[in-house]
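S.K.: What would the 3D arrangement of this be:
(one chain, ligands or ions: 2)
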Amino acid sequence: MTSLSLMAPAKLNLFLHINAQRADGYHELETLFTFLEFGDELTFSCTEHDKVEIIGDTGDIPLEDNLIYKAALALRPFRRAETGILVSLSKKLPMGGGVGGGSSDAATTLLAINQLWQCHLSLQELAEIGLKLGADVPVFVNGKTALAQGVGEKLTAVKLPQRWFCVVFPSVHVSTGAIFTHPDLPRNTAKLTSDWQLANTSNDCEALVKKLYPEVEKTLVWLLKYGPSRMTGTGACCFVELDSADAAQRVLSSLPSYWQGFVAPSTNISPAHTQLDSWLKMQK
Ligand SMILES: C[C@@](CO)(OP(=O)(O)O)[C@H](O)COP(=O)(O)OP(=O)(O)OC[C@H]1O[C@@H](n2ccc(N)nc2=O)[C@H](O)[C@@H]1O
Ligand SMILES: Nc1ncnc2c1ncn2[C@@H]1O[C@H](COP(=O)(O)OP(=O)(O)O)[C@@H](O)[C@H]1O
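M.R.: Ligands and ions are numbered 1, 2, ... in the order given. From the prediction side, this is the model:
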């Protein structure tokens, strides 16, 4: 039985600016995505029956709503073999936490099944399929640290120095849709010129989320004692940027027990891509 194990890494939005709202309600953004060497773990195995199955940490998400299932179905028209797929999911990322776990699971599924079903689709084609599943799927499919514009689909790869992060999940769930439809969300930040330093940018969702969810504000106040800190995406996870693994580990070890967190270094290439390249080399 052919199988393939790949990570679905977390992402951070190092900043997130909202420039405008489009006629269809979606927002024009500028956001800097980086990947972390930490994420969900997925194993894909070809099966003889013609089904898409997911086992493991599926939580309370019905099969048909799982982005892994949706991604697999989207590739079905392209498969060259009449095989099904069994996906074993080990979930490490909080769902709906702003670290992109669902989108990353979808992208990793597209990358893996493209190989196992011999669909022969390019990254560009997979990213276009992925965009229909969620605004963040294309960046995970492309797998490079990137400045994203448009609704997140116009990507410019950038190289950033590796940094360490401690990411904290404040145990509250923030609905992306609710933030983007809130009247108090700022929507008119000027487009970037050139300076992308953390100090000169912001997350335009942060003030509103802090107001609606005091636990997020409390988390940021706590993290700011250790270094430059910010919320990722539409929350609720927040991160602090640090110089070393030791410094990040020290923050994690003093984390109050009512919050969860993890530490990881950033990487310019998604671990899903690094692992897929190694697997492809082994197949030769
Ligand atoms: C804004 C980001 C930044 O990373 O937030 P997080 O989800 O990571 O927190 C993402 O692009 C989100 O991507 P994703 O979570 O895939 O969003 P989608 O499912 O495509 O959209 C959820 C809802 O968010 C709103 N939405 C999303 C993206 C966008 N550029 N403009 C929007 O207005 C829409 O109301 C949409 O119905
Ligand atoms: N495999 C999956 N993992 C996580 N969330 C999923 C998955 N499939 C569907 N979802 C749904 O997608 C939503 C957004 O997930 P996620 O990408 O983790 O959030 P965010 O974009 O805020 O980081 C979740 O609230 C969940 O209901």
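S.K.: Compute the number of surrounding residues for the residue of the stretch 101-250 of the chain found nearest ligand 2.
M.R.: The nearest approach of the stretch 101-250 of the chain to ligand 2 comes at residue 102, 2.9 Å away (C-beta to the nearest ligand atom). Where you see a C-beta, it was placed from the backbone N, CA and C, and this is true even at glycine. Using other C-beta atoms under 10 Å, residue 102 has 24 neighbouring residues.
S.K.: check contacts around it.
M.R.: Residues near residue 102 by C-beta atoms under 8 Å, 6 or more residues apart in numbering: 67, 95, 96, 134.
S.K.: cool, and residue 179?
M.R.: 185, 205, 208, 209, 234, 235.
S.K.: Does the strand or helix carrying the residue of the stretch 101-250 of the chain closest to ligand 2 reach ligand 1?
M.R.: Using DSSP states H and E, residue 102 maps to helix 101-116. Yes - residues of helix 101-116 are located near ligand 1 by C-beta under 6 Å from any ligand atom, namely residue 103.
S.K.: Take that helix, keep the C-alpha atoms, and write them as PDB.
M.R.: Provided in PDB are the C-alpha atoms of helix 101-116 (Å, rounded to 0.1, in the frame of the first residue of the first chain):
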ATOM      1  CA  GLY A 101      -4.500  24.600  10.800                       C
ATOM      2  CA  GLY A 102      -7.600  23.900   8.600                       C
ATOM      3  CA  SER A 103      -6.200  25.600   5.600                       C
ATOM      4  CA  SER A 104      -2.800  23.900   6.100                       C
ATOM      5  CA  ASP A 105      -4.500  20.500   6.400                       C
ATOM      6  CA  ALA A 106      -6.300  21.200   3.100                       C
ATOM      7  CA  ALA A 107      -3.100  22.300   1.300                       C
ATOM      8  CA  THR A 108      -1.100  19.300   2.600                       C
ATOM      9  CA  THR A 109      -3.900  17.100   1.400                       C
ATOM     10  CA  LEU A 110      -3.700  18.600  -2.100                       C
ATOM     11  CA  LEU A 111       0.100  18.200  -2.200                       C
ATOM     12  CA  ALA A 112       0.000  14.600  -1.100                       C
ATOM     13  CA  ILE A 113      -3.000  13.300  -3.100                       C
ATOM     14  CA  ASN A 114      -1.700  15.100  -6.200                       C
ATOM     15  CA  GLN A 115       1.200  12.600  -5.900                       C
ATOM     16  CA  LEU A 116      -0.700   9.500  -4.700                       C
END
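S.K.: Narrow the contacts of residue 179 to those in helices?
M.R.: Per DSSP state H, helices hold the following members of the contacts of residue 179: 208, 209.
S.K.: Pull out the buried members of the contacts of residue 102.
M.R.: The neighbour count (16 or more other C-beta atoms under 10 Å) marks 67, 96, 134 as buried among the contacts of residue 102.
S.K.: Show me the subset of the residues you listed that also lies near ligand 1.
M.R.: residue 134.
S.K.: Show me which of the buried ones among the contacts of residue 102 is closest to ligand 1.
M.R.: Ranked by distance to ligand 1 (C-beta to the nearest ligand atom), the buried ones among the contacts of residue 102 are led by residue 134 at 2.9 Å.
S.K.: which residue sits closest to the closest one in space, ignoring its chain neighbours?
M.R.: Leaving aside its chain neighbours, residue 134 sits nearest to residue 103 (4.7 Å; criterion: C-beta to C-beta, 6 or more residues apart in numbering).
S.K.: Highest neighbour count among the contacts of residue 179?
M.R.: Busiest of the contacts of residue 179 [other C-beta under 10 Å] is residue 235, holding 29 neighbours.
S.K.: Report the buried residues of stretch 67-85.
M.R.: Buried, per 16+ other C-beta under 10 Å, within stretch 67-85: 67-72, 74-75, 78-79, 83-85.
S.K.: In the record's domain split, what are the boundaries for the protein?
M.R.: The chain breaks down into these domains under automatic domain parsing: 3-158+270-283, 164-267.
S.K.: which of the contacts of residue 102 has the weakest pLDDT?
M.R.: When those are sorted by pLDDT, the bottom entry is residue 96 at 87.
S.K.: which ones among the buried residues of stretch 67-85 are found in strands?
M.R.: 84, 85 (DSSP state E).
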